[in-house]
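Enquirer: sequence-free structure coming up:
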């Protein structure tokens, strides 16, 4: 396989390979994990994971010290050498509750080592001596079919985080989840996941290019029910998927997470802040969703004008709905809020004060909105 790596990765990799050939020629190095998947799919690669076979832990630690790699972790060391993670091949066995409760031991061959991977597309390996792809689980065929398939059902169920990984991979790669794998994941409990891990996976999905795929996976895997406490019927899903595709064409990448949560909240008539709390988002998400109006059944120009008193319409997450984008542009309220031209100082001069001033100010502002936008509604 032609790795075709950027220089930021190729340089450190060449140095690493030269080091092992010189000092540990009997060691066998394999590129593993998502980098292999992404290279097969001709996607950008930003870091590398390498597993080293043929060395015992003591010799491997000495080799990493000689190389100048930095060790991270506790019970089973992974070493970082620039953008490359290097580790011994391992077997993981669940011994308690939570994503850290695993007992780790040394794997002796590539099939044994790759069995611990979640999905076949992530279980591919490249022999860095020969360039050959090692595919014990049919990952290449599943990539061709754009399928997410579990490697080993028994090992898979030891880590409930993998259900959320399937969801975000579906949105990132535009892959479907293989039916038996989907059924397996639907029956896995998610109540042992920490808030940080839940949000981490949701955030990856938020920034994915195919959010409607993530929405479908969230429903199919039961994630919506178990974490967001949402139940989707077919019509609701079709509507939300369509809305997300529309929003995707209008929004900027930084706004993508807000659109996803907003569409869920609006279409299911739920509170957006509550959804944020259930996936443990940072406060910036809750603040954004907290002041957003839901999309009404009928969007009149008067509604848009009244809403634009608060902020330019480009800040309303419902801008994707119907022809709102074009309408707000034509009405002159997309880039700037509507100014009704009513000032408190004017009312003070007319003798209004206290609560009466507030009531009259609101009355005149609404009258200005009706006068400006009612004709076009």
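Expert: That came through, no problem. The structure displayed is predicted, hence computed values, not measured ones. Residues are numbered from 1 along each chain as shown.
Enquirer: CA atoms for contacts and neighbours, from now on please.
Expert: Noted.
Enquirer: For the spatially closest residue to residue 221 that is not a sequence neighbour, give me phi and psi.
Expert: Spatially, and ignoring its direct neighbours in sequence, residue 221 is nearest to residue 186 (4.7 Å; CA to CA, 6 or more residues apart in numbering). Note on residue 186: backbone dihedrals following degrees, to the nearest 10 are phi -60, psi -30.
Enquirer: Would you enumerate the residues in contact with residue 186?
Expert: By CA atoms under 8 Å, 6 or more residues apart in numbering, the contact set of residue 186 is 220-222.
Enquirer: Those into JSON lines, with extra columns for distance to residue 45 and neighbour count?
Expert: JSON lines is the format used below for the contacts of residue 186 (distance: CA to CA, whole Å; neighbours: other CA atoms under 10 Å):
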{"residue": "220", "distance to residue 45": "29", "neighbour count": "19"}
{"residue": "221", "distance to residue 45": "28", "neighbour count": "23"}
{"residue": "222", "distance to residue 45": "31", "neighbour count": "24"}
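Enquirer: These in helices, which ones?
Expert: The helices, defined by DSSP state H, take in residue 220 from these.
Enquirer: can you list the contacts of residue 186 in a markdown table and add distance to residue 301 and pLDDT?
Expert: Output for these, formatted as a markdown table (distance: CA to CA, whole Å; pLDDT from 0 to 100):
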| residue | distance to residue 301 | pLDDT |
| --- | --- | --- |
| 220 | 38 | 94 |
| 221 | 40 | 96 |
| 222 | 39 | 94 |
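Enquirer: so which of the contacts of residue 186 would you say is closest to residue 323?
Expert: Set against residue 323, the nearest of the contacts of residue 186 by CA to CA is residue 220 (30.6 Å).
Enquirer: did I read that right, residue 256 in a strand?
Expert: No. Secondary structure of residue 256 (DSSP: H, G, I helix; E, B strand; the rest coil): helix, not part of a strand.
Enquirer: Would you agree it is in contact with residue 246?
Expert: No. Using CA atoms under 8 Å, residue 256 is not in contact with residue 246, being 11.6 Å away.
Enquirer: wait, what's in contact with residue 205?
Expert: 167-169, 171-172, 211, 214.
Enquirer: What is the nearest of these to residue 4?
Expert: Taking those together and measuring to residue 4 by CA to CA, the closest member is residue 172, at 21.8 Å.
Enquirer: ok, then the element right after the host helix or strand of that closest one?
Expert: In the assignment (DSSP states H and E), residue 172 maps to helix 161-173. Per DSSP H and E, the first helix or strand lying C-terminal to helix 161-173 is strand 176-177.
Enquirer: contact partners of that following strand?
Expert: Counting by CA under 8 Å, 6+ apart, 146-149, 166, 170, 213, 217 sit against strand 176-177.
Enquirer: So which of those residues sits lowest on pLDDT?
Expert: Least confident entry in the contacts of strand 176-177, by pLDDT: residue 213, with 92.
Enquirer: Tell me how many other residues surround that residue.
Expert: Neighbours of residue 213 under the rule other CA atoms under 10 Å: 23.
Enquirer: I'd like the distance between it and residue 114.
Expert: 27 Å (CA to CA, to the nearest Å).
Enquirer: all helices of the stretch 201-350 of the chain, in order?
Expert: 211-220, 223, 234-250, 256-267, 272-278, 283-290, 301-307, 324-331, 344-349 (DSSP state H, counting those that start in this stretch).
Enquirer: partner residues bridging the closest residue to residue 48 other than its chain neighbours?
Expert: Of all residues not flanking residue 48 in the chain, residue 84 sits nearest, at 4.7 Å (CA to CA, 6+ apart). In this entry, residue 84 is beta-bridged to residue 48, residue 81, by DSSP bridges.
Enquirer: need the contact list for residue 84.
Expert: 9, 12-13, 47-50.
Enquirer: Fine by me, thanks again.
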